[in-house]
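Colleague: any chance you could fold what I've pasted below:
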Amino acid sequence: MSDPRRRILHLDLDAFFAAVEQRDKPSLRGRPVVVGGTGHRGVVSTASYEARVYGARSAMPTAEARRRCPPGTAFLSTRFGAYRTTSAVVMDILRTRSPLVEQVSVDEAYVDLTAGEDPPGWEGEELERWCADLLAEITGATGGLTASVGVATSKMMAKLASEMDKPAGTTVVRPGRELAVLHPLPVRAVPGVGPATAARLRTFGVETVGDLARVSRSDLVAIFGTAHGESLHRLGRAEDDRPVVVEREAKSISVEETFETDVAERALLDGELVRMADRLAGRLEAAATFARTVTVKLRRHDFTTQTRSATLPFATGDGTVVLREARRLLAGVDVSAGVRLLGLGVSGLTDHAQEELLVLEGAVNEELLLPDASSPVETVTEAGPTSTVETRLGGSTGWRTGQDVHHEEHGPGWVWGSGRGRVTVRFEGPGTAPGPVRTFHADDPALAPAEPPDWRTG
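Modeller: Model prediction:
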């Protein structure tokens, strides 16, 4: 068992991406909303609870979600700027409760409550009241978003607890109750048990965590090897002493685009590289870091993946330098058969920039990889609610559904749909009533992309 003195909280923001979209777009409140890649090859990032009623869920192909959800469901592209801003507010609130906060993604974090001042104890309903106050503060500070929390003696049990009463729920697993809660769960609940491991365990009659706990350490090591077998043996008995780590060092930063149809035109691919390099430069700046290695990634129609990388003799945060290297790398790859996915990444991160040398001595490496179904995807083609797709990669008229915009006459709004040389915008924001819808030429000079609205200004 884990140390009973520890009180570890796991917080998970409920349907986070979709909840932010519903907050910022009043006309979508109470309606099914699906966020992610909106093209035929897109993948769902988040589905609102209204959409989950129809079977939409994360990691599902967007095409399948469209088949399941009713007319009127909003399918939106992601707005990571809006999500990061809201996430920062939540993480700042958590840091007022404890100096030990481990943010594991934009919408979840672990908190070691025992490191805070006057932490709540296990007695009575003290923890439940403490969590209720925390969730109320988060809802107020984020414009209505909710979160679910779990508290336990370990990170594993806290995370499992946070999933037991969603949305806006609190579950506390007190010391001594870990096995009673853990053992009835499917074996997939244990960290590190994916589909392949679960399938292999099933051949030995292991269906639940309780079944796993009855398998000896020696058998698990014989089946899965020392590291994995030992881990399964410990976690199946709720033995988890992993600490809450304040900072998780990023090893790389990357962006990817999956195309609606395979792209062979170099001009279109170059336009994507321009946008990717700009996004990477922004992320490097936000993280106050610099990179030495640039990597271009391509996935073909048969899902084979090719990468080419160049290591610079200096560290840079300059998007033009990243773009120059990316172009050079892409020029050495045959794209005549078409590209399904294009990615651009940087690594070799450091806190210090160096002056660029006159001669670049990049070392180029290339490797062919097997299809990777776990790679994240983000589509660049967008289908509006009532329109046919018309996408100009790298052009000024490639409007994304859900994108924030501003019109010189009508003010702020978001892209409701685009196609056939038109773009339809709904003019509303977090503090307004559902707004009117108007359609413009896709290249209307009065219409421009905008930053996400600030829900805190009303």
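Colleague: average pLDDT for whichever strand or helix holds Val34?
Modeller: Per DSSP states H and E: Val34 is located in strand 33-36. In this model, strand 33-36 has a mean pLDDT of 93.
Colleague: ok, now stretch 237-249?
Modeller: Per-residue scores along stretch 237-249 average to 84.
Colleague: run through who's touching the strand holding Val34.
Modeller: For strand 33-36, contacts defined as C-beta atoms under 8 Å, 6 or more residues apart in numbering pick out 17-18, 21-22, 42-48, 50-51, 56, 62, 65, 69, 73-78, 402. Where you see a C-beta, it was placed from the backbone N, CA and C, and this is true even at glycine.
Colleague: go with 7 Å
Modeller: 17-18, 21-22, 42-48, 51, 56, 62, 65, 69, 73-76, 78 (C-beta atoms under 7 Å, 6 or more residues apart in numbering).
Colleague: filter those residues down to just the ones in strands.
Modeller: The members of those that map onto strands under DSSP state E are Val44, Ser45, Thr46, Ala47, Ala74, Phe75, Leu76.
Colleague: was I right about the fifth one contacting Arg31?
Modeller: Yes - Ala74 is in contact with Arg31 according to C-beta atoms under 7 Å; the separation is 6.3 Å.
Colleague: with neighbour numbers in mind, choose between the two.
Modeller: Ala74 (24 against 15; other C-beta atoms under 10 Å).
Colleague: and that one, bridged to which residues?
Modeller: Beta-bridge pairing of Ala74 under DSSP bridges involves Val33.
Colleague: how much space between it and Gly210?
Modeller: The gap separating Ala74 from Gly210 is 42 Å, by C-beta to C-beta, to the nearest Å.
Colleague: just the endpoints, please. Distance across stretch 312-323?
Modeller: 13 Å (C-alpha to C-alpha, to the nearest Å).
Colleague: buried residues in that stretch?
Modeller: Going by neighbour count (16 or more other C-beta atoms under 10 Å), the buried part of stretch 312-323 is Leu312, Ala315, Thr316, Gly317, Asp318, Gly319, Val321, Val322, Leu323.
Colleague: burial of Leu341, as a residue count?
Modeller: 21.
Colleague: which element is it on?
Modeller: strand 339-347.
Colleague: taking the buried residues of stretch 312-323 one by one, which sit in strands?
Modeller: Members of the buried residues of stretch 312-323 lying in strands (criterion: DSSP E): Leu312, Ala315, Thr316.
Colleague: do I have it right that the last one meets Thr289?
Modeller: No - using C-beta under 7 Å, Thr316 and Thr289 do not qualify as a contacting pair, with a distance of 10.6 Å.
Colleague: what are the ranges of the helices in the chain?
Modeller: Ranges of helices within the chain are 16-24, 49-52, 62-68, 80-95, 126-141, 155-162, 178-182, 195-202, 209-213, 217-224, 226-235, 266-287, 319-331, based on DSSP state H.
Colleague: out of the ones you listed, which is closest to Ser254?
Modeller: Between Ser254 and the helices of the chain, the shortest gap by C-beta to C-beta is with helix 266-287, which sits at 7.7 Å.
Colleague: who touches both of Ala74 and Arg31?
Modeller: Listed contacts common to Ala74 and Arg31 are nil; contacts here mean C-beta under 7 Å, 6+ apart.
Colleague: residues contacting Ser48?
Modeller: Taking C-beta under 7 Å, 6+ apart, one finds Ala15, Ala18, Gln22, Pro32, Val33 in contact with Ser48.
Colleague: show me what contacts the first one?
Modeller: By that I understand Ala15. Contacts of Ala15 by C-beta under 7 Å, 6+ apart are Thr46, Ala47, Ser48, Tyr49.
Colleague: export these to JSON lines and tack on pLDDT?
Modeller: Conversion of those to JSON lines gives the following (pLDDT from 0 to 100):
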{"residue": "Thr46", "pLDDT": "92"}
{"residue": "Ala47", "pLDDT": "96"}
{"residue": "Ser48", "pLDDT": "97"}
{"residue": "Tyr49", "pLDDT": "97"}
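Colleague: what is the nearest of those to Ala281?
Modeller: Thr46 (26.6 Å).
Colleague: in contact with that closest one, which residues?
Modeller: Taking C-beta under 7 Å, 6+ apart as the test, what Thr46 contacts is Ala15, Phe16, Phe17, Ala18, Val35, Gly36, Ser58.
Colleague: backbone phi and psi for the last one, please?
Modeller: Dihedral angles of Ser58 (phi, psi; degrees, to the nearest 10) stand at phi -60, psi 150.
Colleague: need the contact list for Glu428.
Modeller: Lys25, Pro26, Ser27, Gly413, Pro434, Gly435.
Colleague: in strands, which of the residues you listed fall?
Modeller: Those of the contacts of Glu428 lying in strands (DSSP E): Gly413.
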